[in-house]
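Q: Just a sequence and a predicted model for now, questions to come.
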Amino acid sequence: MTDLTALTIAEARDGLDRKAFSAVELTDAYLSAMEAGRKLNAYIAETPDKAREMAARSDDRIASGEAGPLEGIPLGIKDLFCTQGVHSQACSRVLDGFKPTYESTITANLWADGAVMLGKLNMDEFAMGSSNETSCYGPVINPWRSDSGNADLVPGGSSGGSAAAVAAFLCAGATATDTGGSIRQPAALTGTVGVKPTYGRCSRWGVVAFASSLDQAGPIARSVEDAAILLKSMASVDPKDTTSVDIEVPDYRAAIGRSVKGMKIGIPKEYRIDGMPDEIETMWQRGADWMREAGAELVEISLPHTKYALPAYYIVAPAEASSNLARYDGVRYGLRVEGDDVVDMYEQSRAAGFGPEVKRRVLIGTYVLSAGYYDAYYLQAQKVRTLIKRDFETVFADGIDAILTPATPSAAFGVASMATASPIEMYLQDVFTVTVNMAGLPGISVPAGLSADGLPLGLQLIGRPFDEATLFQAGRVIEQAAGSFAPNRWWGVGG
Amino acid sequence: MSVDIDTVKRIARLARIAVTEDEAEHLKGELNTILGWVEQLGELDVADVEPMTSVVQVDMKKREDIVSDGGIADQIVANAPETEDHYFVVPKVVE
């Protein structure tokens, strides 16, 4: 039998329905791959018993003709999602031992559609990071290595475990979340497809909160079609999330293969930043050529406030994080370090439980919200956010259907290579993705080629609110032109 | 605007995170780097701009004012480090 983990979700569903293999066989293939791939540190909790039990139930439903859209498909779940009775720690020590008594809406949707849970995936602590190096479980190793050496590279972050597991065939697809680029940047750095939906498309209920006005969950997958299939199941209208928008979830898969003839694709001149590597510029140009050859019209556009998105983000996101993370107090869940009195107990618990990046952001957030500074920082940043959103509204009103940009300013970099850099160096990884969160728009990252050193690079498409379908349609055109990319399997070789 | 070591200690206290002298010194440098970088927002004239309150314009959802959940005290305290009879236990706060 061919390697079952090599199948796309669409192919695996087809094989299961034809009874070419069983859901248990498919799950076992992934469980073996996970074992062989432990060097990558993508999973921080494997749930093989649960996976086999869920797969056996899938086989029953397939036999009785009740298969759901994701029946028997083995998925990895980012540790930010609460899964009932299963390790859910946002990769933070402060949540040591936490096992939720409830299930997030998104994972509940996936299980209702027949998906199988393989385990929980590594991530930056509380989704704060762009390299998956802030996790309390240590860094994830990118399955990709450069042509010029065997050094360990980062998979990006914060959804680094999700991206690495999908790229290394350790799951058929994964859940992820994106507050400033945490789905699209790791997808780009691992040659996978990542979708950050419109704010309000996927329920945030049961997903550990980082910055509530920016957080949005979405899928990472090995093809545009697989991403469309996953998003259809993840998205829903949820009364438990007041920001969940009451719009029916369309059949995204129907958009795959639709022509882009006559579509207007915007090329924002402000994304041509100083110091951008030539190969990023070349890939972007090639992406534009592919769209033109497929019949789309390319239009140069201006998004004048682009350069202010990242600094504004580093006020808004830490401010909201400082508020959201106030709940970790050593009283209701997670780590408690005893102190002289209750305040000392809070301070010692939080000092021991949070890592350096989380502390940095909580302190920045506390400062910008403190008396006397609110107007100068937070209010100013929220006004800048209005300007950023207005930039997008203007170009969409002028008839632009989607915007094409690079996904990241560079390919994957070495583990620990940024250890002595200023925090801002790392923040710049999100320069092309963060505008989308600030404006609440949908974005997709699609693999577009390899760097001179043989590492994956991605292109980003940005769409109108709730028009994810257009992103799948245009993303498929890039995928067809660029082809798909898989790393050479160096892990699990020789034990 | 930049922060001094006393300000760092004051915000750490507000954030309820214990910091050592060394950590406070280190954080002072990092916080000032970040605060210096976000200063560039001052270049923009935003006097007549409304601050964003929500990226998606929707009316706040309402529901009937009825009990829709509850009776799960066991679950609520299940993850607590210390509990007694469905209460969270904390160090004594009043003499």
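A: Looks like it arrived, so ask away.
Q: got a list of contacts for stretch A:390-399?
A: Contacts with stretch A:390-399, where a contact means Cβ atoms under 8 Å, 6 or more residues apart in numbering or on different chains, come from A:264, A:266, A:268, A:301-306, A:403, A:435, A:439, A:441, A:462, A:464. (Each C-beta comes from the backbone N, C-alpha and C, glycine too.)
Q: Now the two most distant members of these.
A: The largest separation in the contacts of stretch A:390-399, counting by Cβ to Cβ, is between A:264 and A:305 at 21.3 Å.
Q: Tell me which of those two has more neighbours.
A: Just comparing residue A:264 and residue A:305: by other Cβ atoms under 10 Å in any protein chain shown the higher neighbour count belongs to residue A:305, 21 against 18.
Q: Pretty sure the more buried one sits against residue A:384.
A: Yes - judged on Cβ atoms under 8 Å, residue A:305 makes contact with residue A:384 at a distance of 6.8 Å.
Q: Now for these two: what residues contact both?
A: Common neighbours of residue A:305 and residue A:384 (Cβ under 8 Å, 6+ apart) are residue B:44.
Q: Residue B:25 - nearest residue in space that isn't next to it in sequence?
A: Counting by Cβ to Cβ, 6 or more residues apart in numbering or on different chains, residue B:5 is the residue found nearest to residue B:25 once chain neighbours are left out, at 6.5 Å.
Q: Please apply the same query to residue A:279.
A: Of all residues not flanking residue A:279 in the chain, residue A:451 sits nearest, at 5.4 Å (Cβ to Cβ, 6+ apart).
Q: What is the burial count for the one you found?
A: Other residues lying near residue A:451 total 17 when counted by other Cβ under 10 Å.
Q: now do residue A:481
A: 17.
Q: Same question for residue A:450.
A: Number of residues near residue A:450 (other Cβ under 10 Å) recorded here: 19.
Q: Just list whatever residues bridge to it.
A: residue A:456 (DSSP bridges).
Q: Ramachandran angles for residue A:201?
A: Reported as degrees, to the nearest 10, the phi and psi values for residue A:201 are phi -80, psi -40.
Q: what's near enough to touch the closest residue to chain A within chain B?
A: Each residue of chain B has a distance to chain A, by Cβ to the nearest Cβ, and the smallest belongs to residue B:55, at 2.7 Å. Residue B:55 is in contact with A:199-200, A:213, A:389, A:438-440, counting by Cβ under 8 Å, 6+ apart.
Q: sorry, back to before: out of the contacts of stretch A:390-399, who's the most crowded?
A: residue A:435 (33 neighbours).
Q: Do you know the pLDDT at the residue of chain B closest to chain A?
A: Confidence at residue B:55, expressed as pLDDT, is 90.
Q: ditto for residue B:58
A: Looking at residue B:58, its pLDDT is 79.
Q: so the closest residue to it other than its chain neighbours is in which element?
A: Closest residue to residue B:58 apart from its sequence neighbours, by Cβ to Cβ, 6+ apart: residue A:245 at 5.8 Å. In this structure, residue A:245 sits in neither a helix nor a strand according to DSSP states H and E.
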